[in-house]
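# sharing a model that was predicted from the sequence below.
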Amino acid sequence: MGRKLDGRSALVSGASRGIGLTIARRLAADGARVMLAARSAAALQAETAGLPGCAFHAADLSLPGAAAEAVDAAVRQFGGLDLLVHSAGATQRGDFLLLDDAAWADGYALKLFGAVRLCRAAWPHLRASGGSAVLIAGVGGRVASADFTIGGSVNAALMNLTKALADRGVADSVRVNAINPGSIRTGRLTGRIDTLARERGLDPEAAARAIAAETGVARFGEPEEIAGVVSFLAGPDASYIQGAILDVDGGWVRAV
C-alpha cells in the first residue's frame, strides 16, 4: 500500500533539530523525498544518513541569497518541488527596553525574511507542481506578551503573509497555510523552564508546571504533533484548505 506522500519532494528549513527535524522525519516516513536545510552541516549529515532518499543543504537562511540556493539544491536533487515547510527561526525574548536593533534585525532576518525569500524562490516550482507551502509561526502572534515583542510581531507578520500568499495561490494553484505551535517540548522550551526555575528558585518540574498553568493548558505539546499536522496539510485530505492558520496549542488561544 502506497504512502500518502509517495513521489512528493519537500524542502524543510530549520531541519537540524527540534520541530523542523521532526517534520522532516515525518514527511520522509510518509514517503516524501526531503531536502533538510539548516546552518549545521554536521547535524544535517548525521540526520540525513537515516532518511533514505533524502538529502541536505547547509545554509544560513538569514542571508539574502541563501533561500534561492536552498530551493535550487532541492530542485536539482529531486527534479522539482511539491512542498516547502519553513520552520527555521528562533527569536530573542526579554525586556523590550533592553532589546536592541541587532536583536530585532536578527529575529526578522531568518523567520520572516527567510519565509519571504523561500516562498519567492520556491513559488515557480510549487506552481508547476500544484504544490503547497506551510509556514511555522507561533501562538505568540495571537497572544501578546511583554517579554516576547520580537517573536510576537514576527509571528503576526507570518500569519498575514500566509493569507496574502494564499490569495495569490488561488490563481496559481499553490496552497499556503500556517501552523501556530504552542508550548512544544523542544530545546527552546527546556531553556525557558530552566530560566524560570532559576528566577523563582523552583525545581524544573515545578517550573514546567508553572509555565503550563500560565498558558492554561493541560500539558506541553510534542514535536511529533506539529509534524503530523504538516503531513496532513501536505497530503490529499487537505486539498481544500487554503490560507488556514491552525493553532496547535492545547487550547492556549481562546479568542475567536
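Structure received.
# what residue is smack in the middle of this protein?
Centroid-nearest residue in the chain, with Cα atoms, centre = their mean: residue 87, separated by 2.2 Å.
# tell me where this structure has strands.
Secondary structure of the chain (DSSP state E): strands located at 9-13, 33-38, 55-58, 83-86, 132-136, 175-181, 245-248.
# what's the fourth one in contact with?
Think strand 83-86. 8-14, 20, 23, 27, 32, 71, 114-115, 118-119, 122, 126, 131-136, 230, 234 (Cβ atoms under 8 Å, 6 or more residues apart in numbering). (Glycine included, C-beta is placed from N, CA and C.)
# what's the answer for the last one, then?
Counting by Cβ under 8 Å, 6+ apart, strand 245-248 makes contact with 137, 139, 142, 159, 162-163, 177-182, 221, 225-226, 229, 233, 253, all of which sit outside it.
# what comes up buried for stretch 78-88?
Residues of stretch 78-88 classed as buried: 78, 81, 82, 83, 84, 85, 86, 87, 88 (neighbour count, 16 or more other Cβ atoms under 10 Å).
# same question, stretch 42-57
Counting neighbours by 16+ other Cβ under 10 Å, stretch 42-57 gives 43, 44, 47, 48, 51, 54, 55, 56, 57 as buried.
# who's in contact with the residue nearest to the fourth one when sequence neighbours are not counted?
Sequence neighbours aside, residue 56 is the residue nearest to residue 48 in space, at 4.5 Å (criterion: Cβ to Cβ, 6 or more residues apart in numbering). With Cβ under 8 Å, 6+ apart as the criterion, the residues that contact residue 56 are 15, 35, 36, 37, 38, 41, 44, 45, 47, 48.
# give me the buried entries from the contacts of strand 245-248.
137, 139, 142, 159, 162, 177-182, 221, 225-226, 229, 233, 253.
# what stretches of this protein score poorly on pLDDT?
Residue ranges of the chain with pLDDT under 70: 1.
# show me how it divides into domains.
Domains of the chain are assigned by automatic domain parsing as 9-182+223-246, 183-220.
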